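J.: Can you look at this prediction? I've put the sequence above it.
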Amino acid sequence: MTVLRLIFDEFVGLFVDDEQLALSILAVVAGCWLVVHYVHDNSITIGLLLLFGCLGVLMASVVKGARR
């Protein structure tokens, strides 16, 4: 049973290792959803917003991690 618990903890750790990164990505996705829902912009703009938003969040997380 402890092996299953260890595997589960490692699996969850893959996705929730950095809470700030996860919350920031969710904020970018929610922002894109709001733009799609209320502005009705074309899909290329939303895709670029999602791409560069996620890349920006990832880059900020890497810089923050490098400072530690």
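T.: Received the coordinates, thanks. Note that the structure is a prediction, hence the values are computed from the model and not measured.

J.: what's the longest helix in this protein?
T.: helix 43-67 (DSSP state H).

J.: So for that one, what gets flagged as buried?
T.: By 16 or more other C-beta atoms under 10 Å, the buried positions in helix 43-67 come out as 46, 49-50, 53, 57, 61. C-beta coordinates here come from the backbone N, C-alpha and C atoms, glycine included.

J.: Of all those, the one with the weakest confidence?
T.: On pLDDT alone, S61 ranks lowest of the buried residues of helix 43-67, at 88.

J.: quick one: what helix or strand has the closest residue to that residue other than its chain neighbours in it?
T.: Nearest non-adjacent residue to S61, counting by C-beta to C-beta, 6 or more residues apart in numbering: L21, 4.6 Å away. Secondary structure assigned from DSSP states H and E places L21 in helix 19-38.

J.: So S61 sits against A22, correct?
T.: No - counting by C-beta atoms under 8 Å, S61 sits too far from A22 to count as a contact (9.9 Å).

J.: Report pLDDT for the residue positioned nearest the centre of the chain.
T.: In the chain, the residue lying closest to the centroid (C-alpha atoms, centre = their mean) is I25, at 2.5 Å. Confidence at I25, expressed as pLDDT, is 92.

J.: just D18 next, same as before
T.: pLDDT at D18 comes out at 74.

J.: Tell me, how many residues neighbour it?
T.: Residues near D18, counting by other C-beta atoms under 10 Å, number 13.

J.: Touching, the residue nearest to the centre of the chain and A60? I think so.
T.: No - if you go by C-beta under 8 Å, I25 and A60 don't touch, sitting 11.1 Å apart.

J.: who touches L21 in this structure?
T.: With contact taken as C-beta atoms under 8 Å, 6 or more residues apart in numbering, L21 is in contact with 57-58, 61.
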